[in-house]
Each structure stands twice: as C-alpha cells, then as structure tokens.
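Participant: make a model of this:
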Amino acid sequence: MKTKDIRIEVGIAVGLLLLVLIVFKALLQPGFYESHDGLFHLIRVEAMAHELSLGQFPVRMADELAYGRGYPVFNYAYPLFHYFTAGLVLLGLTAQDAIKVVVLLCSWLSVWAGYKWMRCFFEKKAALTGAVLLLLVPYRFLITLVIGSFGTILAWAMAMVVLWAMSEVMVKQKEKYLGLVSLGVAGLIPAHNVTALIFAPVIAIYGLALARWYKKGWFKLIIFGLLGVVMAAWFWLPAIAEMDWVALSNHNAVDYQQHWPTLRQVIYSRWGYGYSESGDDDGMSFMLGITQWVVFGLSVIALLVTFFRKEQNKEKTKTKMALVSGGVVLLGLYLMLPVSEWLWQKVSILAQIQFPWRWLIVSAVGVSFLAAWLVEKSGWWMMVLLLLLAGVSNRNITRTLTGGMQPLSKWEQEARLQPGSTDIAWEALPKTASQQNWQVDWQIRGEGIAKLETKEVRHGERGRWSVEMENEGKVEISKYYLPLWQVEVNGEVVESKPSEDGGYIEIELPSGVNEVVLTIRQTNIEKGANIMSVIGGAVIIFWLLMNSFKFKNDGKR
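Facilitator: Numbering: from 1, shown residues only. All right, here's what the predicted structure looks like:
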C-alpha cells in the first residue's frame with residue numbers, strides 16, 4: 001500500500017473514532033449511568049479484577065459474588081469484556097471508567113472493521129457510508145445506552161472483524177488475514193455466547209457465498225475458522241461440559257415466547273428506557289431504523305432494476321453479494337417475529353437466544369452493506385441523503401436515561417452494588433444450593449467444633465482456619481459447593497461434597513486441631529480446555545512466523 005493510501009486509511013480510522021466519541025458523548029461524562037444490566041457488569045468487573053489480582057486465571061469462580069458464597073459466573077457467561085475492563089482496573093482506572101473506555105473502543109472497532117469489510121467490495125465513499133450506518137442504527141443505542149449489554153458490543157466488533165478478514169482472504173486473496181479470521185472467531189465466542197450463536201449462521205451463509213463466487217481460499221478459511229474455535233476452547237468447553245452443575249442446565253433464564261416484537265414495532269416504535277414485556281406494550285424500542293428501512297426499500301427497487309440490465313462480471317458479483325445481504329436482513333427480521341415460532345420450537349438451541357429481537361443485529365449489518373452498494377450504484381447524492389437521514393433520525397436516542405451520569409456513590413447509597421449473582425435468574429447457582437439472597441454470619445460451622453480461629457490467608461487462598469474438633473465429625477464451609485473448590489486439611493487435599501442444608505462445602509475433620517485451607521482450582525476438563533487453547537494459539541503463531549517473509553514480500557508488490 002502506498003504512503004498516501006495509508007494516510008487516507010489512518011485518517012478514516014481516526015475520523016470514525018471521532019464520530020463514535022461525538023455520537024456517544026454521554027459516555028464521556030464522569031460517573032456511571034443507569035441501564036438494565038450496567039450495574040451487573042460494574043460488579044463483575046470489580047470481581048474479575050479481584051480474582052486476577054489473586055492469581056486465578058482463567059477466572060471461573062468469583063469468590064465475592066452470591067453474597068460471599070462464591071458464584072461461577074465467569075465459567076458460563078461471556079467473560080472476555082470483563083477481562084479487558086478488569087485489566088484497565090488493575091492499571092489504575094476505576095471500574096466505571098474502564099467500562100466506558102472499552103465500550104467506546106469496541107464501538108469504534110465494529111464500525112472500522114465494518115468499513116474495511118465493505119472496502120473489499122466498494123470504493124471509499126460507499127464503504128464509509130455503510131460504516132456510518134452501522135454506527136447510526138437504533139439497535140446500537142439500545143444495547144449500549146438502554147440495556148447496557150456490553151458483551152454484545154464486544155461480540156459485534158469481533159463479528160465484523162471475522163467478516164472483514166474473510167473478505168480479505170477470499171476477495172483480495174490475501175492469506176495473511178487468515179490469522180485474523182482465527183483471532184476474530186476466538187474473540188467472538190467468549191465475547192457474548194448469544195451473539196456468537198446469532199452470527200454463526202450469518203458467517204456460514206457469507207462464507208458459502210464467498211466460496212461460490214470467489215472460489216480460491218475457502219478450505220483454508222474453514223481450517224483457520226476451526227482454529228479460532230479451538231483457541232476459544234478455554235471458555236466454551238467447560239461451559240458446555242460443566243453445565244450440569246448449575247441451574248442453567250434445567251431451564252432458560254428467559255422465555256422467548258414472552259418477548260416477540262410485532263412487525264409494527266420493528267418498522268417503528270417509540271424510544272424508551274423500560275423493559276421488554278409480553279405483548280406489544282414494551283418500554284423499549286425494537287425498530288430497525290428509519291434510514292435502514294429507506295435503504296432496504298431502495299435496495300429492493302435497485303436490485304429489481306439491475307436484473308434487467310447487463311453488468312460486468314465484477315459488478316454482477318457485487319450485486320449477488322448485495323442480494324445475500326438482503327437475504328440476511330430478511331432472515332433477521334423473520335426470526336424476530338412470531339411467524340417464525342415453529343422454527344424456534346423445532347430448533348431447540350434458538351431458545352438460548354432468549355429475546356427474539358436480538359436478531360436485529362444481523363439485519364443492521366446486512367442493511368449497512370446494502371447502503372454501501374446503493375451509494376456505489378448511485379453516487380454522491382445517495383451518500384449525502386443517507387448520512388443526513390441517519391443523523392436526523394437518530395438525534396434523540398443518543399442520551400442516557402437521566403440525560404447524564406450519576407456519581408457512583410448514588411448506587412452505593414441505594415445498596416445496588418451488593419455482590420449478588422449479577423444475572424437475572426441465578427442461572428449459575430449450583431443445583432445443590434437452596435439459598436440465594438441472604439448473607440451468612442459464619443465461615444465454618446459444625447456441632448463438634450471446640451475452637452475456631454481464622455488465620456491470615458496467603459496469596460491465592462480463599463480461607464485459612466484452625467479448627468479444633470472435640471470428636472471426628474462433619475463441618476461446613478460457607479461457600480456453595482462446586483468441584484472448583486479445593487479443601488486441604490493439614491496439608492492434604494480432602495474430599496468435599498454439598499451439605500444437605502444449603503449446599504455448602506462439607507468435609508470430614510478428625511478430632512484435634514486441624515489446619516483447613518480453601519482454594520480455587522481448575523478441573524481436569526478446564527485444564528484440558530486451556531491446553532487446547534494454547535495449542536491453537538501456538539499453531540497460529542507458528543504459521544505467522546513461517547509466512548512472515550512471504551507476507552513482507554507481498555506488501556512490497
């Protein structure tokens with residue numbers, strides 16, 4: 001790439017970052033804002049930072065959650081966002097500022113990667129228009145400012161990276177982007193489980209379209225995509241294999257049948273900061289967007305007109321990709337409406353998505369590609385029209401609920417930062433646990449305890465006690481039992497099990513004085529998953545090193 005082209009691309013990247021900061025200027029204020037899930041994530045970030053500081057990695061058990069009884073939320077619920085934010089906390093940022101920094105950067109990454117994706121097909125002004133519409137779509141403001149679904153924001157960025165890298169490999173025939181395909185997939189899965197599930201068929205459809213019309217590179221694309229799945233094994237393998245430990249294996253946290261939007265709501269619905277409700281009296285908006293509907297309508301007309309004209313092969317392929325994008329828009333719309341309920345009932349995994357309106361995200365991506373295609377077909381006037389319409393139609397939905405930030409002390413005073421489950425239905429509660437929301441006033445209890453002394457814990461330990469027993473007997477430690485806990489008595493690991501009263505850790509202690517130490521360990525499944533991820537990452541690094549000379553020469557051509 002020439003120096004002039006590099007400067008232009010850097011300028012566009014910086015320009016998109018500035019646009020993100022302008023659009024989300026509400027996040028630049030001090031404090032934190034009220035949203036559906038935002039405070040849950042604030043608690044998780046602090047819990048993650050605490051666990052990392054104690055040496056737990058990967059973090060699976062949050063010792064302080066569930067009111068101090070331990071909660072394995074990071075073993076099951078999209079932890080990647082919290083790793084990034086907790087890292088910034090350990091570097092000195094407050095948790096609320098770390099969240100806002102990562103949200104802004106992820107928003108920018110999704111838009112910039114979207115631009116690079118569309119740049120593989122279209123000229124700069126067309127790709128830039130599509131990228132701006134990818135930013136100025138109501139669903140983005142919904143997940144950021146209303147719901148506070150920060151994992152979705154990161155997953156959106158990772159999905160756009162995957163689409164971009166796939167296009168570089170297939171359209172531009174640049175094999176050096178194969179590694180980026182793996183990294184994108186490896187980031188998408190732990191970024192947000194549900195969003196990864198939603199994007200999986202879209203990525204598959206897009207990959208089939210690329211293989212059909214660009215031929216070369218599809219096999220390597222599959223291999224490196226699978227390598228990305230292997231790299232993410234540290235998260236998804238234990239989450240699946242150890243699902244039976246917790247309540248999530250018995251039921252879904254949300255019944256999707258209670259959250260169907262209507263077609264009228266998808267076309268247009270009043271903006272709000274409330275919740276998704278059963279029926280059509282929702283407190284939040286599920287609209288695709290005025291500009292997005294204009295783009296879709298104009299694209300349908302343009303596609304019909306185009307089929308009656310002769311196009312060169314290159315333009316014809318772009319039109320076919322626009323047709324695929326239109327199909328993705330329709331797929332997202334179909335799967336979020338009640339008409340698709342029969343499919344949800346037959347394909348049981350769809351129930352994990354919980355809220356059908358989450359499919360808006362793929363419709364938003366498909367429309368952005370259609371916008372770029374329209375601009376390339378029509379010229380500058382279309383670009384100006386769409387950008388003006390997007391700016392005007394979204395001007396009133398870029399605010400937080402209160403119009404600004406609130407000091408963290410407000411939430412603390414209202415006791416809303418208590419370290420509970422940080423999810424809506426205690427999905428990661430161990431099946432053997434029978435209590436939830438009240439704190440215990442003991443650390444170790446048992447009828448045979450003659451004397452109990454709490455000792456100073458060493459690095460990585462979660463409890464150390466001297467327990468004098470009158471006779472041999474059972475004692476309970478005030479943590480919910482899971483195989484993630486390890487108990488040592490007098491220097492030796494002992495067997496533990498859930499107690500009948502509450503599902504706490506129960507062990508047998510001999511008579512006399514005993515030194516009891518509680519730590520967190522990795523299970524054999526988790527250790528195996530970690531090894532898989534390391535091997536996958538090592539393969540990518542080895543491949544990059546082996547091909548670095550070739551890529552360097554390619555860049556000089």
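Participant: per-residue confidence at the residue lying closest to Ile535 once chain neighbours are set aside?
Facilitator: Leaving aside its chain neighbours, Ile535 sits nearest to Val230 (7.1 Å; criterion: C-beta to C-beta, 6 or more residues apart in numbering). (Glycine included, C-beta is placed from N, CA and C.) Val230 carries a pLDDT value of 97.
Participant: and Val230, that one's in a helix?
Facilitator: Yes: under DSSP: H, G, I helix; E, B strand; the rest coil, Val230 falls within a helix.
Participant: which stretches of the stretch 251-400 of the chain have low pLDDT?
Facilitator: Within the stretch 251-400 of the chain, the stretches with pLDDT under 70 are 310-313.
Participant: quick one, what contacts the closest residue to Val375 other than its chain neighbours?
Facilitator: Excluding the flanking residues, the one nearest Val375 by C-beta to C-beta, 6+ apart is Ala126, at 4.1 Å. By C-beta atoms under 8 Å, 6 or more residues apart in numbering, the contact set of Ala126 is Met118, Ala372, Trp373, Val375, Glu376, Met383.
Participant: distance of Ala425 relative to Trp260?
Facilitator: With distances taken as C-beta to C-beta, to the nearest Å, Ala425 is found 20 Å from Trp260.
Participant: more crowded one of these two?
Facilitator: Trp260 (22 against 13; other C-beta atoms under 10 Å).
Participant: what's the local residue count around the closest residue to that one other than its chain neighbours?
Facilitator: Closest residue to Trp260 apart from its sequence neighbours, by C-beta to C-beta, 6+ apart: Pro338 at 4.5 Å. Neighbours of Pro338 under the rule other C-beta under 10 Å: 13.
Participant: go on, the one 4 residues further on?
Facilitator: With neighbours defined by other C-beta under 10 Å, the count for Trp342 comes to 9.
Participant: gap between the residue nearest to Ile535 and Ile147?
Facilitator: 31 Å.
Participant: same question for Leu304.
Facilitator: 37 Å.
Participant: now the helices for the stretch 401-550 of the chain?
Facilitator: 408-413, 524-556 (DSSP state H, counting those that start in this stretch).
Participant: least confident of those, on average?
Facilitator: helix 408-413 (a mean of 62).
Participant: what are the phi and psi angles of the closest residue to Glu168 other than its chain neighbours?
Facilitator: Once flanking residues are discounted, Glu168 sits nearest to Tyr177: 3.8 Å by C-beta to C-beta, 6+ apart. The phi and psi torsions at Tyr177 (degrees, to the nearest 10) take the values phi -90, psi 0.
Participant: list the contacts of Tyr177.
Facilitator: Trp164, Ala165, Glu168, Val169.
Participant: how much space separates the second one from Cys120?
Facilitator: The one in question is Ala165. Where Cys120 is concerned, Ala165 sits at a distance of 10 Å (C-beta to C-beta).
Participant: now do the third one
Facilitator: According to C-beta to C-beta, Glu168 stands 6 Å off from Cys120.
Participant: how about the first one?
Facilitator: Trp164 sits 7 Å away from Cys120 when distances are taken as C-beta to C-beta.
Participant: who's more crowded, these two?
Facilitator: Trp164 (23 against 20).
Participant: contacting residues around that one?
Facilitator: Applying C-beta under 8 Å, 6+ apart, the residues near Trp164 are Ala113, Gly114, Lys116, Trp117, Cys120, Tyr177, Leu180.
Participant: any idea which element the nearest residue to Glu123 once chain neighbours are set aside lies in?
Facilitator: Leaving aside its chain neighbours, Glu123 sits nearest to Glu376 (6.1 Å; criterion: C-beta to C-beta, 6+ apart). For Glu376, the element it lies in under DSSP states H and E is helix 360-378.
Participant: now the helix or strand following that helix: buried residues?
Facilitator: Remark: after helix 360-378, the chain's next helix or strand is helix 380-393, criterion DSSP H and E. Neighbour-count burial for helix 380-393 flags Met382, Met383, Leu385, Leu386, Leu387, Leu389, Ala390, Ser393 (criterion: 16 or more other C-beta atoms under 10 Å).
Participant: determine how far helix 380-393 lies from the middle of the whole chain.
Facilitator: Chain-centre distance of helix 380-393: 30 Å, with C-alpha atoms, centre = their mean, to the nearest Å.
Participant: that helix - contacts with which helices or strands?
Facilitator: helix 124-135, helix 290-306, helix 360-378 (3 or more C-beta pairs under 8 Å, 6 or more residues apart in numbering; DSSP states H and E).
Participant: now the angle between helix 360-378 and it, please.
Facilitator: 150 degrees (axes from the mean of the first three to the mean of the last three C-alpha atoms, to 10 degrees).
Participant: touching helix 380-393 from outside, list them.
Facilitator: 125-126, 128-129, 132-133, 136, 289-291, 294-295, 371, 374-375.
Participant: top of those by neighbour count?
Facilitator: Going by other C-beta under 10 Å, Ala371 tops those with 33 neighbours.
Participant: can you pull up the most central residue in the chain?
Facilitator: His192 (2.6 Å; C-alpha atoms, centre = their mean).
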